[in-house]
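1. Structure here, sequence nowhere to be found:
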């Protein structure tokens, strides 16, 4: 792809490298010197790890690119930081997701590509274009390749927040019965709710439970909860690095979404519609 540079912040370099590999490009080197002028710059980073450090670094990178005259700057953010703080549920609480949106715009971002926002209204926090991708197709691909009993399953949400992803997956799988349950959620941290739901499903007569989670932070007792739950597998996307967690839990399996990001970047660069990715898995 001509006249394009892709850079990675320090938050999730593996995913950035995999996305660049899908495009047949090398990641640009991030140094303190000026780089040559290019028309389009894409900076890939994810809201994970030491979140505040991993938020400031890409903001500085975005601003630097604009200062040296990159004409179009796209922030590719698979896991949007502070996405759970999307509304004022108490009088003294800030809407941090809106603050992050403002910071990205002020830093110089012209366009945002993100995936499975915790709340769809976050897209409206921006005054710049936002392409909102879904991990559903990667999830469906994994289910079809790994769950032989998928025709005898029910798609379940552990809480109201995860319910929005259930209908889409259920309709596309055209499932009939409920001997197998597939729990779906967009974001988890300690996994207490999802593991409790899995145990309840087993007590209700379900013979096998899988949990599919898009953005999995896995903090505190999360790994202990997963190891002790009845779930056969806990399947997560690589929007957040999981290698370290997988060493301590054999139930964790990862869905690679780098090809979806790569195709979104390619279509954006070629001024094509990204909506194709809502119904097709890039190969």
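-> Nice, I can see it. Note that this is a predicted model, so its numbers are computed, not measured.
2. hey, where'd the strands end up in the stretch 151-283 of the chain?
-> Using DSSP state E, counting those that start in this stretch, the strands of the stretch 151-283 of the chain run over residues 153-157, 180-188, 208-216, 233-237, 252-255.
3. tell me what the first one is packed against?
-> Yep, that's strand 153-157 we're talking about. Under the contact criterion of 3 or more C-beta pairs under 8 Å, 6 or more residues apart in numbering; DSSP states H and E, strand 153-157 touches helix 166-173, strand 180-188. In this view, the C-beta of every residue, glycine as well, is placed from N, C-alpha and C.
4. rewinding a little: tell me which of the strands of the stretch 151-283 of the chain lies nearest to residue 14.
-> With C-beta to C-beta, the closest approach to residue 14 among the strands of the stretch 151-283 of the chain belongs to strand 252-255: 10.7 Å.
5. Just checking: what are the partner strands of that closest one?
-> strand 233-237 (parallel) (DSSP bridges).
6. where's the closest residue to residue 202 other than its chain neighbours relative to residue 196, distance?
-> Counting by C-beta to C-beta, 6 or more residues apart in numbering, residue 202 lies nearest to residue 230, which is 4.8 Å off, once chain neighbours are set aside. With the distance defined as C-beta to C-beta, to the nearest Å, residue 230 ends up 11 Å from residue 196.
7. what does residue 8 give?
-> Separation of residue 8 from residue 196 (C-beta to C-beta): 37 Å.
8. neighbour-wise, which of those two wins?
-> Neighbour count, other C-beta atoms under 10 Å: between residue 8 and residue 196, residue 8 has more, with 24 against 13.
9. In three-state terms, label the residue nearest to that one when sequence neighbours are not counted for me.
-> Counting by C-beta to C-beta, 6+ apart, residue 16 is the residue found nearest to residue 8 once chain neighbours are left out, at 3.3 Å. Using DSSP: H, G, I helix; E, B strand; the rest coil as the criterion, the local structure at residue 16 reads helix.
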